[in-house]
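Q: My questions are about this predicted structure, shown below with the sequence.
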Amino acid sequence: MKKLILMAAMVAVTAITTATAQELDRHSRDYSSLLPQKGDLATGIDLAGAAKFIGNSFADNKAEGNAITPFGGANFFAKYFIADNIALRARLGFGVTNITNREFVVDDAAYALDPMTPKEVTDAYKTSEKSFDLGVGIEFRRSLRRVQGYAGAELFIGTLSEKHSYEYGNAITQTNQNPTSYWGGYGERDLEEKMSGVRGGLSIFTGVDYFISRNVSMGFEFGLTGYGTSIRPVSLTTEMWDTVTNAYKKETDETNPKQGRFDIAPTAGLNMMFYF
């Protein structure tokens, strides 16, 4: 019995010693070889923004929606480590939204020939929004095993544009000066409305990177951006049948003067980075 107790005690001591050694080894393991070092270059992309960018680029929806948020597009990053814990970075941002709404209306020409069996044509309303940003900034980093936390600031400048266009199934003609239209009508119809502008500002951000290997990390970044926007005058192109000249008329006018605004917007991203 004493021998069994002694053997059990020895097994228990050995198990505890082994577990303790493994735990100490786990905590004392050196992960510095996985982390970026001075002179390293990194490139990467915001995965969530890229997915939204691709989806909105090819959207073809009847219902309205999917409009871009101030910085909701794809962000591509490049970083250069001037020290083990300091990196200079550049960001290239794209935002794209395409929306198409379609509606059936009566085919005026077919209806004139046969009112009893009316046919339909399609009117379409398209919205296109685009944005582009270029930013440069700096990151300060702290390490804890496989994880690096960072914070920094970025200056950026960018452009944005928005266009609304209409396509009608029934054309304006001398014999049909007020055709059936889902949008507009009553003698005059909108064809295209365009807006463009520039913006610039400052972002402060913080994030965390987890290093899967020496060359790959996954991370999350949150930021707060303050920026000013200058919007050029809005132009609107319309069409109508001019009863004075008895001819089709298309003209473009400015509908809004130059505008300016200042916004503060939060940003968030899920990033994948590759290190060289």
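A: That came through, no problem. Quick caveat, the model's predicted, so the values are computed rather than measured. Residues are numbered from 1 along each chain as shown.
Q: going forward, measure contacts between C-alpha atoms and count neighbours the same way
A: Will do.
Q: Report the contact partners of the nearest residue to Pro118 once chain neighbours are set aside.
A: In space, and not counting its chain neighbours, Pro118 is closest to Tyr111: 5.1 Å by CA to CA, 6 or more residues apart in numbering. Under the criterion of CA atoms under 8 Å, 6 or more residues apart in numbering, the neighbours of Tyr111 are Thr117, Pro118, Lys119.
Q: Please report how far the second one lies from Arg199.
A: Computed as CA to CA, to the nearest Å, the Pro118 to Arg199 distance reads 50 Å.
Q: Compare the two (neighbour count), which wins?
A: A direct count of neighbours by other CA atoms under 10 Å for Pro118 and Arg199 places Arg199 higher, at 20 against 14.
Q: can you tell me which residues contact the more buried one?
A: Residues counted as contacts of Arg199 (CA under 8 Å, 6+ apart) are Ile157, Gly158, Thr159, Leu160, Tyr227, Gly228, Thr229, Ser230.
Q: any idea of the pLDDT on it?
A: pLDDT recorded at Arg199 is 95.
Q: pretty sure it belongs to a helix, no?
A: No. Looking at Arg199 with DSSP: H, G, I helix; E, B strand; the rest coil, it is strand, so not inside a helix.
Q: any idea how far it is from Pro115?
A: Arg199 is 54 Å from Pro115, by CA to CA.
Q: repeat for Leu88
A: To Pro115, Leu88 is 70 Å away according to CA to CA.
Q: So between these two, which is more surrounded?
A: The neighbour count for Leu88 versus Pro115, taken as other CA under 10 Å, is higher for Leu88 (18 against 11).
Q: which residues touch that one?
A: Contacts of Leu88 (CA under 8 Å, 6+ apart): Lys79, Tyr80, Phe81, Ile82, Val136, Gly137, Ile138, Glu139.
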